[in-house]
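Student: Sequence isn't available, so here's the structure alone:
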Ligand code: SF4
(Lines give C-alpha, C1' and ligand atoms only; values in the text may rest on other atoms or scores of the structure.)
Protein backbone atom coordinates (compact mmCIF):
# COMPACT_ATOMS: atom_id res chain seq x y z
CA UNK A 1 0.00 0.00 0.00
CA UNK A 2 1.14 3.55 -0.60
CA UNK A 3 1.18 6.50 1.79
CA UNK A 4 -2.12 7.65 0.25
CA UNK A 5 -3.87 4.68 1.85
CA UNK A 6 -3.22 6.25 5.27
CA UNK A 7 -3.15 10.04 4.76
CA UNK A 8 -4.08 12.49 2.03
CA UNK A 9 -1.01 13.76 0.17
CA UNK A 10 -0.32 16.72 -2.06
CA UNK A 11 -0.07 14.94 -5.43
CA UNK A 12 -3.62 13.48 -5.45
CA UNK A 13 -5.00 16.69 -3.89
CA UNK A 14 -3.59 18.78 -6.77
CA UNK A 15 -4.56 16.22 -9.40
CA UNK A 16 -8.14 16.28 -8.15
CA UNK A 17 -8.21 20.07 -8.27
CA UNK A 18 -6.50 20.58 -11.65
CA UNK A 19 -7.32 17.32 -13.44
CA UNK A 20 -3.69 16.51 -14.18
CA UNK A 21 -0.31 16.14 -12.54
CA UNK A 22 0.95 19.33 -10.91
CA UNK A 23 4.60 19.73 -9.95
CA UNK A 24 6.41 22.29 -7.82
CA UNK A 25 9.07 24.40 -9.51
CA UNK A 26 11.54 26.18 -7.23
CA UNK A 27 11.97 29.91 -7.62
CA UNK A 28 14.95 31.56 -5.96
CA UNK A 29 14.22 35.08 -4.83
CA UNK A 30 17.15 37.20 -3.77
CA UNK A 31 15.91 37.49 -0.18
CA UNK A 32 17.47 36.92 3.22
CA UNK A 33 16.18 36.08 6.67
CA UNK A 34 15.73 38.19 9.84
CA UNK A 35 17.64 35.54 11.76
CA UNK A 36 20.71 36.12 9.58
CA UNK A 37 20.72 39.80 8.67
CA UNK A 38 20.86 41.11 12.25
CA UNK A 39 17.26 42.18 12.80
CA UNK A 40 16.60 39.02 14.87
CA UNK A 41 20.04 37.44 14.87
CA UNK A 42 23.15 37.00 12.76
CA UNK A 43 24.11 33.37 13.16
CA UNK A 44 20.80 31.90 11.99
CA UNK A 45 19.33 28.64 13.20
CA UNK A 46 21.97 26.23 14.54
CA UNK A 47 21.29 23.76 11.70
CA UNK A 48 21.11 26.29 8.84
CA UNK A 49 23.69 26.49 6.11
CA UNK A 50 22.02 27.77 2.99
CA UNK A 51 25.05 26.63 0.99
CA UNK A 52 23.35 23.25 1.23
CA UNK A 53 20.89 24.83 -1.22
CA UNK A 54 23.13 27.29 -3.07
CA UNK A 55 26.69 27.61 -4.31
CA UNK A 56 28.66 30.58 -2.85
CA UNK A 57 28.40 32.73 -5.92
CA UNK A 58 24.71 32.06 -6.58
CA UNK A 59 22.86 35.02 -7.98
CA UNK A 60 19.34 34.23 -9.18
CA UNK A 61 17.95 35.26 -12.57
CA UNK A 62 14.58 37.02 -12.71
CA UNK A 63 11.50 35.00 -11.73
CA UNK A 64 10.31 34.97 -15.35
CA UNK A 65 13.67 33.69 -16.60
CA UNK A 66 13.88 30.98 -13.95
CA UNK A 67 10.41 29.71 -14.82
CA UNK A 68 11.02 29.92 -18.57
CA UNK A 69 14.18 27.82 -18.15
CA UNK A 70 13.01 25.31 -15.56
CA UNK A 71 9.40 24.53 -16.47
CA UNK A 72 10.19 22.91 -19.89
CA UNK A 73 12.91 20.81 -18.23
CA UNK A 74 10.53 19.65 -15.47
CA UNK A 75 7.76 19.01 -18.00
CA UNK A 76 10.07 16.68 -19.91
CA UNK A 77 11.31 14.97 -16.77
CA UNK A 78 8.03 14.50 -14.87
CA UNK A 79 5.25 14.72 -17.44
CA UNK A 80 3.54 17.42 -15.36
CA UNK A 81 1.63 20.04 -17.31
CA UNK A 82 0.98 22.53 -14.52
CA UNK A 83 3.18 23.98 -11.81
CA UNK A 84 3.22 25.66 -8.43
CA UNK A 85 5.98 28.26 -8.20
CA UNK A 86 7.74 27.48 -4.92
CA UNK A 87 9.58 30.37 -3.26
CA UNK A 88 11.60 28.09 -1.05
CA UNK A 89 14.87 29.34 0.42
CA UNK A 90 15.18 31.89 3.22
CA UNK A 91 12.14 34.03 4.16
CA UNK A 92 10.06 34.94 1.13
CA UNK A 93 7.80 37.42 2.93
CA UNK A 94 10.74 39.41 4.30
CA UNK A 95 12.30 42.37 2.55
CA UNK A 96 11.08 45.07 0.19
CA UNK A 97 7.32 44.46 0.11
CA UNK A 98 6.75 45.94 -3.36
CA UNK A 99 9.52 43.77 -4.77
CA UNK A 100 8.10 40.64 -3.11
CA UNK A 101 4.62 41.41 -4.38
CA UNK A 102 5.96 41.88 -7.90
CA UNK A 103 7.79 38.54 -7.74
CA UNK A 104 4.58 36.70 -6.80
CA UNK A 105 2.76 38.47 -9.64
CA UNK A 106 5.57 37.70 -12.09
CA UNK A 107 5.37 34.01 -11.18
CA UNK A 108 1.67 33.68 -12.00
CA UNK A 109 2.26 35.29 -15.42
CA UNK A 110 3.71 32.01 -16.70
CA UNK A 111 0.99 30.05 -18.53
CA UNK A 112 1.79 26.77 -16.78
CA UNK A 113 1.84 28.22 -13.25
CA UNK A 114 -1.40 27.49 -11.39
CA UNK A 115 -0.34 28.54 -7.93
CA UNK A 116 2.25 29.64 -5.42
CA UNK A 117 3.94 28.14 -2.37
CA UNK A 118 5.59 30.81 -0.22
CA UNK A 119 8.15 29.52 2.27
CA UNK A 120 8.87 31.77 5.24
CA UNK A 121 9.14 32.22 9.02
CA UNK A 122 6.16 32.85 11.32
CA UNK A 123 7.54 36.18 12.60
CA UNK A 124 7.66 38.05 9.30
CA UNK A 125 4.22 37.82 7.73
CA UNK A 126 3.03 41.37 6.99
CA UNK A 127 -0.71 41.81 6.47
CA UNK A 128 -0.05 43.63 3.21
CA UNK A 129 1.53 40.51 1.69
CA UNK A 130 -1.23 38.28 3.04
CA UNK A 131 -3.67 40.57 1.20
CA UNK A 132 -1.67 40.13 -2.03
CA UNK A 133 -1.78 36.35 -1.63
CA UNK A 134 -5.53 36.40 -0.92
CA UNK A 135 -6.05 38.42 -4.07
CA UNK A 136 -4.04 35.88 -6.10
CA UNK A 137 -5.99 33.02 -4.53
CA UNK A 138 -9.28 34.73 -5.38
CA UNK A 139 -8.22 34.76 -9.04
CA UNK A 140 -8.35 30.95 -8.88
CA UNK A 141 -4.72 30.16 -8.12
CA UNK A 142 -3.68 27.57 -5.54
CA UNK A 143 -1.82 29.36 -2.72
CA UNK A 144 0.04 27.82 0.20
CA UNK A 145 1.85 29.72 2.93
CA UNK A 146 4.63 27.40 4.12
CA UNK A 147 5.65 28.25 7.68
CA UNK A 148 8.86 26.92 9.20
CA UNK A 149 8.01 26.15 12.82
CA UNK A 150 10.20 23.05 13.40
CA UNK A 151 9.04 22.61 17.04
CA UNK A 152 6.14 23.93 19.12
CA UNK A 153 8.39 24.03 22.21
CA UNK A 154 9.84 27.43 23.02
CA UNK A 155 12.78 25.82 24.90
CA UNK A 156 13.75 23.94 21.74
CA UNK A 157 13.24 27.03 19.56
CA UNK A 158 15.63 28.92 21.88
CA UNK A 159 18.12 26.03 21.85
CA UNK A 160 18.30 26.00 18.06
CA UNK A 161 18.34 29.81 17.90
CA UNK A 162 15.17 30.16 15.82
CA UNK A 163 14.53 33.70 17.00
CA UNK A 164 10.75 33.23 17.09
CA UNK A 165 8.29 31.60 19.46
CA UNK A 166 5.24 29.37 19.26
CA UNK A 167 3.14 32.48 19.99
CA UNK A 168 4.53 34.08 16.78
CA UNK A 169 3.45 30.96 14.90
CA UNK A 170 -0.07 30.98 16.38
CA UNK A 171 -0.45 34.62 15.43
CA UNK A 172 0.70 34.03 11.84
CA UNK A 173 -1.53 30.97 11.37
CA UNK A 174 -4.56 32.72 12.80
CA UNK A 175 -4.16 35.79 10.56
CA UNK A 176 -3.51 33.74 7.42
CA UNK A 177 -6.31 31.24 7.95
CA UNK A 178 -8.84 33.92 8.92
CA UNK A 179 -8.24 35.34 5.44
CA UNK A 180 -8.82 31.92 3.89
CA UNK A 181 -5.19 31.15 3.06
CA UNK A 182 -3.94 27.60 3.42
CA UNK A 183 -1.01 27.02 5.79
CA UNK A 184 1.50 24.19 5.49
CA UNK A 185 3.70 23.84 8.59
CA UNK A 186 7.25 22.47 8.53
CA UNK A 187 8.29 20.33 11.50
CA UNK A 188 11.61 18.61 12.24
CA UNK A 189 12.15 15.26 13.93
CA UNK A 190 15.45 14.79 15.80
CA UNK A 191 15.97 18.28 17.22
CA UNK A 192 18.43 18.60 20.15
CA UNK A 193 16.80 17.68 23.46
CA UNK A 194 13.64 16.34 21.79
CA UNK A 195 12.17 12.85 21.78
CA UNK A 196 9.12 11.28 20.14
CA UNK A 197 6.98 12.72 22.96
CA UNK A 198 8.03 16.28 22.03
CA UNK A 199 7.25 15.68 18.36
CA UNK A 200 3.80 14.25 19.09
CA UNK A 201 3.09 17.20 21.37
CA UNK A 202 4.26 19.67 18.70
CA UNK A 203 1.96 18.01 16.19
CA UNK A 204 -1.01 18.24 18.56
CA UNK A 205 -0.30 21.93 19.20
CA UNK A 206 -0.09 22.57 15.46
CA UNK A 207 -3.40 20.75 14.89
CA UNK A 208 -4.97 22.75 17.73
CA UNK A 209 -3.79 26.02 16.17
CA UNK A 210 -5.39 24.97 12.85
CA UNK A 211 -3.41 23.81 9.84
CA UNK A 212 -4.05 22.63 6.27
CA UNK A 213 -0.82 20.87 5.39
CA UNK A 214 2.41 19.57 6.88
CA UNK A 215 5.97 18.81 5.84
CA UNK A 216 8.12 16.51 7.98
CA UNK A 217 11.90 16.57 7.88
CA UNK A 218 14.63 14.67 9.72
CA UNK A 219 17.23 17.03 11.21
CA UNK A 220 20.24 17.10 8.87
CA UNK A 221 23.65 18.08 10.17
CA UNK A 222 25.51 19.99 7.48
CA UNK A 223 29.03 21.35 7.46
CA UNK A 224 29.59 24.93 8.55
CA UNK A 225 26.83 25.04 11.16
CA UNK A 226 26.75 25.27 14.93
CA UNK A 227 25.01 21.89 14.95
CA UNK A 228 27.99 20.40 13.09
CA UNK A 229 30.28 21.61 15.88
CA UNK A 230 27.94 20.12 18.48
CA UNK A 231 28.01 16.82 16.59
CA UNK A 232 31.82 16.75 16.43
CA UNK A 233 32.10 17.62 20.11
CA UNK A 234 29.69 14.83 21.04
CA UNK A 235 27.01 17.26 22.23
CA UNK A 236 24.45 16.07 19.69
CA UNK A 237 23.63 12.62 18.31
CA UNK A 238 21.81 12.22 14.99
CA UNK A 239 18.42 10.56 15.03
CA UNK A 240 18.40 6.96 13.79
CA UNK A 241 16.25 5.72 10.93
CA UNK A 242 14.24 3.43 13.24
CA UNK A 243 13.34 6.28 15.60
CA UNK A 244 12.43 8.56 12.68
CA UNK A 245 10.19 5.93 11.09
CA UNK A 246 8.55 5.07 14.40
CA UNK A 247 7.82 8.75 15.13
CA UNK A 248 6.54 9.45 11.61
CA UNK A 249 4.23 6.44 11.65
CA UNK A 250 2.70 7.73 14.87
CA UNK A 251 2.20 11.32 13.64
CA UNK A 252 0.66 10.01 10.42
CA UNK A 253 -1.76 7.92 12.46
CA UNK A 254 -2.70 11.16 14.22
CA UNK A 255 -3.21 13.14 10.99
CA UNK A 256 -6.81 14.04 10.13
CA UNK A 257 -8.09 13.65 6.56
CA UNK A 258 -8.37 17.40 5.95
CA UNK A 259 -4.63 17.87 6.50
CA UNK A 260 -2.64 17.41 3.30
CA UNK A 261 0.75 15.77 3.87
CA UNK A 262 3.22 17.52 1.56
CA UNK A 263 6.30 15.55 2.58
CA UNK A 264 7.43 12.88 5.02
CA UNK A 265 11.13 12.85 4.23
CA UNK A 266 13.78 15.21 2.89
CA UNK A 267 17.41 14.97 1.81
CA UNK A 268 20.23 17.49 1.53
CA UNK A 269 20.71 18.41 -2.12
CA UNK A 270 24.48 18.97 -1.81
CA UNK A 271 25.49 15.61 -0.39
CA UNK A 272 29.13 16.64 0.16
CA UNK A 273 27.94 18.94 2.95
CA UNK A 274 26.03 16.25 4.86
CA UNK A 275 27.62 15.04 8.10
CA UNK A 276 24.63 12.94 9.13
CA UNK A 277 22.36 11.12 9.43
CA UNK A 278 23.51 9.29 6.28
CA UNK A 279 20.46 7.04 6.10
CA UNK A 280 18.58 10.11 4.82
CA UNK A 281 20.43 9.64 1.51
CA UNK A 282 18.40 6.51 0.84
CA UNK A 283 14.83 7.78 0.59
CA UNK A 284 13.56 4.50 -0.91
CA UNK A 285 14.66 2.49 2.13
CA UNK A 286 13.12 4.98 4.55
CA UNK A 287 9.81 4.98 2.69
CA UNK A 288 9.80 1.18 2.58
CA UNK A 289 10.35 1.00 6.35
CA UNK A 290 7.68 3.64 6.99
CA UNK A 291 5.10 1.80 4.89
CA UNK A 292 5.93 -1.49 6.64
CA UNK A 293 5.45 0.19 10.01
CA UNK A 294 2.14 1.71 8.91
CA UNK A 295 0.95 -1.64 7.54
CA UNK A 296 1.66 -3.21 10.93
CA UNK A 297 0.19 -0.49 13.10
CA UNK A 298 -2.28 1.71 11.20
CA UNK A 299 -5.68 1.22 9.64
CA UNK A 300 -5.95 2.33 5.99
CA UNK A 301 -8.51 5.05 5.33
CA UNK A 302 -11.83 4.09 3.78
CA UNK A 303 -11.69 4.65 -0.01
CA UNK A 304 -14.30 7.43 0.31
CA UNK A 305 -11.82 9.53 2.31
CA UNK A 306 -8.86 9.00 -0.03
CA UNK A 307 -8.16 11.71 -2.59
CA UNK A 308 -6.11 9.33 -4.74
CA UNK A 309 -9.11 7.05 -5.13
CA UNK A 310 -11.50 9.71 -6.42
S1 LIG B 1 14.89 30.86 9.45
FE2 LIG B 1 15.46 29.55 7.71
S3 LIG B 1 16.92 30.76 6.45
FE4 LIG B 1 16.72 31.76 8.48
S5 LIG B 1 18.45 30.96 9.64
FE6 LIG B 1 16.67 29.67 10.12
S7 LIG B 1 16.72 27.96 8.64
FE8 LIG B 1 18.14 29.57 7.91
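Tutor: Okay, I see it. Just so we're clear, the structure is a prediction, and the values are computed from it rather than from any experiment. Residues are numbered from 1 along each chain as shown.

Student: from here on, contacts and neighbour counts on C-alpha atoms
Tutor: Will do.

Student: List, one by one, the residues from the protein near the ligand.
Tutor: 33, 35, 36, 44, 45, 48, 90, 121, 162 (CA under 6 Å from any ligand atom).

Student: let's see it at 8 Å
Tutor: Contact residues, the chain versus the ligand (CA under 8 Å from any ligand atom): 32-36, 43-50, 89-91, 120-121, 148, 161-162.

Student: list the contacts for the nearest residue to residue 78 once chain neighbours are set aside?
Tutor: Counting by CA to CA, 6 or more residues apart in numbering, residue 78 lies nearest to residue 23, which is 8.0 Å off, once chain neighbours are set aside. Listed by CA atoms under 8 Å, 6 or more residues apart in numbering, the contact set of residue 23 reads 78, 80, 81, 82, 83, 84.

Student: quick one: low-confidence parts of this structure?
Tutor: For the chain, applying pLDDT under 70 flags the ranges 50-58.

Student: what residue of it is the furthest out?
Tutor: Distance from the centre of the chain peaks at residue 233, with 29.3 Å (CA atoms, centre = their mean).

Student: ok, that one to the ligand distance?
Tutor: 22 Å (CA to the nearest ligand atom, to the nearest Å).

Student: Tell me if the residue nearest to residue 78 really is in a strand.
Tutor: Yes: applying DSSP: H, G, I helix; E, B strand; the rest coil, one finds residue 23 inside a strand.

Student: May I have the beta-bridge partners of it?
Tutor: Per DSSP bridges, the residues bridged to residue 23 are residue 83.

Student: which of the residues of the chain next to the ligand are buried?
Tutor: The neighbour count (16 or more other CA atoms under 10 Å) marks 33-36, 43-49, 89-91, 120-121, 148, 161-162 as buried among those.

Student: residue ranges of the strands in this protein, please?
Tutor: For the chain, the strands defined by DSSP state E cover 8-9, 22-27, 82-87, 113-120, 142-150, 182-189, 213-218, 221-222, 260-263, 274-276.

Student: Is it possible to get a markdown table of these that adds distance to residue 126?
Tutor: Formatted as a markdown table, those follow (distance: least, CA to CA, whole Å):
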| stretch | distance to residue 126 |
| --- | --- |
| strand 8-9 | 29 |
| strand 22-27 | 21 |
| strand 82-87 | 16 |
| strand 113-120 | 11 |
| strand 142-150 | 12 |
| strand 182-189 | 15 |
| strand 213-218 | 21 |
| strand 221-222 | 31 |
| strand 260-263 | 24 |
| strand 274-276 | 34 |
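
Student: Out of those strands, which gets nearest to residue 309?
Tutor: strand 8-9 (10.3 Å; CA to CA).

Student: Check the offset of that closest one from the chain's centre.
Tutor: In terms of CA atoms, centre = their mean, to the nearest Å, the centre of strand 8-9 is found 15 Å from the chain centre.

Student: list the contacts for residue 257?
Tutor: 7, 8, 305.

Student: Find the nearest non-adjacent residue to the last one, please.
Tutor: For residue 305, the nearest residue in space outside its immediate sequence neighbours is residue 257; the separation is 7.0 Å by CA to CA, 6+ apart.

Student: before we move on, what about the second one?
Tutor: The spatially closest residue to residue 8, leaving aside those adjacent along the chain, is residue 260, at 5.3 Å (CA to CA, 6+ apart).

Student: before we move on, what about the first one?
Tutor: Excluding its sequence neighbours, the residue lying closest to residue 7 (CA to CA, 6+ apart) is residue 257, at 6.4 Å.

Student: now swap in residue 172 and tell me
Tutor: Using CA to CA, 6+ apart and skipping the chain neighbours, the partner closest in space to residue 172 is residue 122 (5.6 Å).

Student: Can you give me the distance of that neighbour to residue 156?
Tutor: Distance of residue 122 to residue 156, given as CA to CA, to the nearest Å: 16 Å.
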